[in-house]
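J.: Okay, structure incoming, though there's no sequence with it:
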């Protein structure tokens, strides 16, 4: 989690991981072929997601 990243000096990765819609591609591990491939059924357009503001 976040504490592990901080302990490793990778604090900037926390902000990067929290960004929405940073990539249009989602990886998926295919167990049968043991390969990482682009995920299926991922919409091309980002969805509007409403979240409560951080306090």
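T.: In hand now; what should we look at? Source: prediction; values computed, not measured.

J.: Would you state the strands of this protein in chain order?
T.: Taking DSSP state E, the strands of the chain run over residues 27-30, 35-38.

J.: what's the neighbour count on residue 10?
T.: Look at residue 10: counted by other Cβ atoms under 10 Å, it has 13 neighbours. Where C-beta positions appear, they are placed from N, C-alpha and C, glycine not excepted.

J.: Let me know which of the strands of the chain is the nearest to residue 1.
T.: With Cβ to Cβ as the measure, strand 27-30 is the member of the strands of the chain nearest residue 1 (20.2 Å).

J.: roughly how far out does that closest one sit from the chain middle?
T.: Offset of strand 27-30 from its chain centre (Cα atoms, centre = their mean, to the nearest Å): 13 Å.

J.: just checking, what packs against that strand?
T.: In terms of contacts (3 or more Cβ pairs under 8 Å, 6 or more residues apart in numbering; DSSP states H and E), strand 27-30 is packed against strand 35-38.

J.: Show me the contact partners of the strand it packs on.
T.: Outside strand 35-38, the residues that touch it by Cβ atoms under 8 Å, 6 or more residues apart in numbering are 25-30.

J.: what about this protein, any weak spots by pLDDT?
T.: Across the chain, the ranges flagged by pLDDT under 70 are 42-53, 55.

J.: Let me see the ranges of the helices in it.
T.: Taking DSSP state H to define them, one finds helices in the chain at 2-7, 11-18.

J.: Pull out the buried residues from stretch 16-32.
T.: Within stretch 16-32, no residue counts as buried by 16 or more other Cβ atoms under 10 Å.

J.: Quick check: the gap between residue 8 and residue 33.
T.: 32 Å (Cβ to Cβ, to the nearest Å).

J.: Please read the previous query as pertaining to residue 11.
T.: Between residue 11 and residue 33 the computed distance is 36 Å (Cβ to Cβ).

J.: hang on, residue 5 packs against residue 11?
T.: Yes: with contact defined as Cβ atoms under 8 Å, residue 5 reaches residue 11; the gap is 6.4 Å.

J.: More neighbours: which of those two?
T.: residue 5 (14 against 11).

J.: Thanks a lot, catch you later.
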